[in-house]
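> need coordinates for the below:
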Amino acid sequence: MPMFEVLTPLSVLLCLFGVLIGIIMGSIPGMTATMAIAIFLPATYALDMINSIGLLIGLYVGGISGGMVPAVLLNIPGTPSSLCTTFDGYPMTQNGEGEKALKVGITASIIGGFVSLSILFFFAPVLASFAIDFSAVDKFLIVVFALTVIASISKGSLLGGVFSGVLGVFISLIGRFPDNNQIRLVPPGFEQELVYGFSLLPVLIGLFAIGQNLQESEEGLVAASHQKIDLAKNKAKQFKFRIFKGQFVNTVRSSIIGTFVGMLPGVGGSAASITSYSQAKNFSKNPEKLGKGEPEGMIASESANNGLIGGALVPLLSLGIPGDSTTAILVGAFLLQGIEVGPLFITTNPDLWSGIVFALVIANIAMFIMMFFSIKYFAKIVYIPKHIIFPIIMLMCVVGSYAINNGVMFDVWTLLLFGLVGYIFPKVGIQIAPFLIGFILGTQGEKYFIDSLKGSGGDLTVFFTDGPLAIGLWVVIIVSVVYAVIDNRRTKKAESAS
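As a prediction, this is how the structure comes out:
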């Protein structure tokens, strides 16, 4: 299907605008692609789905790519997936090769983006066509698997990750039970406001935009105090495309690693970055140079970084399971338009599926052109004072939440409540990403669980006897939990040894 039969001129302009804003927000230490999408989510209410997806995909690609700027210049990962970018990017900046490091990362990013897009284009429809035949039991077990991965592969605490996911599921069950119209888990006096539970979009915006704002404000609103950097101090070592000569295998391998790690719900960008970087080091002819300002390390990290985007969209569009916190927010955008993601999404929304693919093409090309030829200007963004940006973000969040459901004040209170939740939870060991995805998947899991029991006449053994696929899913769930327990113990031993 030709690109411009699907995308309108407005959707292309919104995609370009999204890339620009995404790069700017990704370049500011403390901002993320997730936060950028959360802030602009209410704006999609006034747009149709094709235009909305253009804007959101642009923000996604731009935000992920922009995260390399503070990683290279300030040694601060702009996104979790740019963690390993600091290993070689910052030493290159210290050596007077900041511009070279950024251009290496930008070039690796567009390659990673197109590799992941190719895998998304060919793999997601196949997986979706296979998933169409899933029974309610199979769908319930897929949700359980997603929850085990999200909750168990957690930052620092297995118990904390599990509790965060379960708490998200619990909160999602607030409201009216669909089978008997009984109100459950609702505080007295709020029956009318919470009859349908908490609205997803104010929850998303509160957790990521308001919560992040409060965390960053606690650390201080002053501009970055780092010394201004001459990006091309070392004139003898300018960027040339021949840097990639001999790096073909490293680039493609890292892009594929990033894509497939992105497909695993809840694993996160830092895992993709670390995995690809470690593989680059294992196969490098000069592994001792990595970590000291070597372009090879930048290529591995940034190609995996952008490979995550297509990978995270695969489970979202084929199974209805968000691969990370950013795609969880994209679920909100689809729901706002009355579209349900899942196995039937691609076949029932062919224009929208094509629009997503074409938007990714445009966004990656736009990201490369904007950053490659204007990197000196984007590099200055890291010094913008936060006391100017944060009040604007707060205002946009409040106005957007109020407008989502045509002026419901309770949505603003929901926004502020979950903004405080997003600020407090990390301090007490509750992790935001497992909580959010538990919140999104909780109602789906309940629906499939009840449908399974209805089909079996209340026989719980149906979850173990439905067929070979159900048995296979139980094996995957058990392996996921066992791996999480072993990995948690190994991490604790390593921490105690150090």
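> any stretches of the stretch 301-450 of the chain with poor pLDDT?
Applying pLDDT under 70 to the stretch 301-450 of the chain flags the ranges 323-324, 403-406.
> please repeat the previous calculation with a cut-off of 50.
Counting by pLDDT under 50, the stretch 301-450 of the chain has no low-confidence residues at all.
> show me the helices in it, by range?
Secondary structure of the stretch 301-450 of the chain (DSSP state H, counting those that start in this stretch): helices at 325-336, 345-348, 350-378, 386-404, 409-424, 432-456.
> so which elements touch the last one?
Read it as helix 432-456. With contacts taken as 3 or more CB pairs under 8 Å, 6 or more residues apart in numbering; DSSP states H and E, helix 432-456 sits against helix 136-152, helix 158-172, helix 200-205, helix 325-336, helix 462-465. (Each C-beta comes from the backbone N, C-alpha and C, glycine too.)
> of these, flag the one that's most buried.
Most buried of the helices and strands packed on helix 432-456, by mean neighbour count (mean count of other CB atoms under 10 Å): helix 200-205, with a mean of 28.
> which residues touch that helix?
38-39, 41-42, 328-329, 331-332, 335-336, 397, 400-401, 404, 411-412, 414-415, 418, 436, 439-440 (CB atoms under 8 Å, 6 or more residues apart in numbering).
> just to revisit the earlier point, make TSV out of the helices of the stretch 301-450 of the chain and add distance to T259.
Shown next, in TSV, are the helices of the stretch 301-450 of the chain (distance: least, CB to CB, whole Å):
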stretch	distance to T259
helix 325-336	14
helix 345-348	18
helix 350-378	12
helix 386-404	31
helix 409-424	29
helix 432-456	19
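> give me whichever of the ones you listed is most buried.
Taking mean count of other CB under 10 Å, helix 325-336 is the most buried of these, at a mean of 24.
> same for it, what does it pack against?
Judged by 3+ CB pairs under 8 Å, 6+ apart, helix 325-336 is in contact with helix 33-40, helix 49-66, helix 200-205, helix 295-319, helix 432-456.
> nearest to D133, of the ones you listed?
D133 lies closest to helix 295-319 among the helices and strands packed on helix 325-336, at 12.8 Å (CB to CB).
> the closest one versus helix 33-40: what angle between them?
Between helix 295-319 and helix 33-40, the angle comes out at 50 degrees (axes from the mean of the first three to the mean of the last three CA atoms, to 10 degrees).
> which strands and helices sit next to helix 295-319?
Counting contacts by 3+ CB pairs under 8 Å, 6+ apart, helix 295-319 packs against helix 49-66, helix 85-94, helix 98-131, helix 248-263, helix 269-283, helix 325-336, helix 345-348, helix 350-378.
> closest one to I171 among those helices?
Among those, the nearest to I171 by CB to CB is helix 325-336 (14.2 Å).
> mind checking how far the closest one is from the chain centre?
Distance, stretch centre to chain centre, for helix 325-336: 10 Å (CA atoms, centre = their mean, to the nearest Å).
> hmm, who's touching that helix?
Applying CB under 8 Å, 6+ apart, the external contacts of helix 325-336 come out as 33-34, 37-38, 41, 44-45, 49, 52-53, 56, 60, 200-201, 204, 208, 312-313, 316, 322, 340-341, 404, 432-433, 436-437, 440.
> can you show me the CA trace of it as CSV?
What follows is helix 325-336, C-alpha atoms only, in CSV (Å, rounded to 0.1, in the frame of the first residue of the first chain):
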residue,chain,number,x,y,z
SER,A,325,6.2,1.3,29.9
THR,A,326,6.3,3.4,26.7
THR,A,327,4.2,1.0,24.7
ALA,A,328,1.9,0.7,27.8
ILE,A,329,1.1,4.4,27.3
LEU,A,330,0.5,3.7,23.6
VAL,A,331,-2.3,1.3,24.7
GLY,A,332,-3.9,4.4,26.2
ALA,A,333,-3.8,6.2,22.9
PHE,A,334,-5.5,3.3,21.1
LEU,A,335,-8.2,3.0,23.9
LEU,A,336,-8.8,6.8,23.6
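> how far off helix 269-283 does that helix point, in degrees?
Using the same axes, to 10 degrees: helix 325-336 against helix 269-283 is 140 degrees.
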